[in-house]
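> Need a 3D model of the sequence below.
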Amino acid sequence: MYHIGFMRSADDTCQALARLFSHRQISDLDDLFGALKTRSRMTVFRRLSEVGYLTSYSHAGRFYTLRRVPAFDAAGLWQHQGVCFSRHGTLKETVVHLVEEAEAGRFHRDLREQLHVRVHNTLLDLVRHQQIGRELFADEYLYVSGDGARAAAQVVHRREHAGRAAQTEAGRTMPAAAPSVVIAVLLEVIHGAEVTLDAPAIAARLRDRGILIGVEEVEGIFAANGLQKKTARSRSRRSRR
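Now for the predicted structure:
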C-alpha cells in the first residue's frame, strides 16, 4: 500500500528510477507506481519528465524507459523483450521520419518489417493528413515525402533502384557460360544433327565427359547462338523397320 500524499525528494526519485530501469530497462505503470510509492499518474509522469523518458510505440504505448537506456540502431529504433521504442517518438512520428529520410521512399512491407508492428492504418492516416504522400509503383504503393520535390526525387531513385535490381537478377539467373563450354555444346549440336539431340540430352552427354552444365545453361546457349531448342523427334515408320 502506498501513502497518499507522500512526496519523495528529487534525489530520491532519480535514485528510485535509476534502480528500477537498471534492473528492468523497461517498465509499465504499475512498476512505476511501486518504485515511486504513489498511485498518482500525474506524479509519475512529472517525475519521468524531469529525468527524460520514452513511451513504447508498440503494445499501445504501455511501456516506458529512460532516454539514456536504449542502444538505438542506425534508424533510431530499439527493441527489448519484444517491446519497441523509437528515438523519434510515437509510431506516427517515426514513420514520417523513416519515409522522409529514405532516398527511394518506403513500401508498407518494408516499414512493417523494420518496425515490427502493423502500420497500414498509420500510413493511411498520415497520407490523409498530407504528412506523407504515396505513389503507385509496380502495383504497390510507395510512400514518399509530403514535400512534392522531395517525393519526385524519391520516385526517380526508386525507378533507378528497380532497374539495377532487374539487371542484377537477370545476370544471376543466366550467368555467361565459359567459351570452352559453349564450344562443347555447339559441337554436340553438330555431331547430333543426324539424331537430333535436345537440351537435356546434350547436358547429359557433356556431364558424362566431365563438363558440368545444366539444361538451362544449354538452352541459354541455344538462344544466344540463334539455335532452336532441340526436341526429340518421333521415329518415322521407316526407321522403326
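> Now do the same for the residue nearest the centre of the chain: helix, strand or coil?
Centroid check for the chain by CA atoms, centre = their mean gives D110 as the closest residue, at 4.3 Å. With DSSP: H, G, I helix; E, B strand; the rest coil as the basis, D110 sits in helix.
> ranges for the helices of this structure?
According to DSSP state H, the chain carries its helices in the segments 10-24, 29-36, 41-51, 91-101, 108-115, 120-128, 148-173, 179-191, 199-208, 215-224.
> Need the winner for burial among those.
Highest mean neighbour count of these: helix 91-101, a mean of 20 (counted as mean count of other CB atoms under 10 Å). C-beta here means a position set from N, CA and C on the backbone, and glycine is covered the same way.
> Outside of it itself, list whatever touches it.
57-58, 75-77, 86, 88, 105-106, 111, 114-115, 117, 119, 122-123, 125-126, 131-132, 143-146, 150 (CB atoms under 8 Å, 6 or more residues apart in numbering).
> go again using 7 Å as the cut-off
By CB atoms under 7 Å, 6 or more residues apart in numbering, the residues outside helix 91-101 that reach it are 57, 75, 86, 88, 105-106, 111, 117, 119, 122-123, 126, 131-132, 143-145.
> Likewise for stretch 17-31?
Residues contacting stretch 17-31 (CB under 7 Å, 6+ apart): 35, 44, 47, 51, 62-66, 69, 80-81, 83.
> just those residues now: which is nearest C14?
V51 (6.0 Å; CB to CB).
> What confidence value was assigned to the closest one?
For V51, the model assigns a pLDDT of 91.
> Was I right to think it contacts C14?
Yes. With contacts counted by CB atoms under 7 Å, V51 reaches C14, the gap being 6.0 Å.
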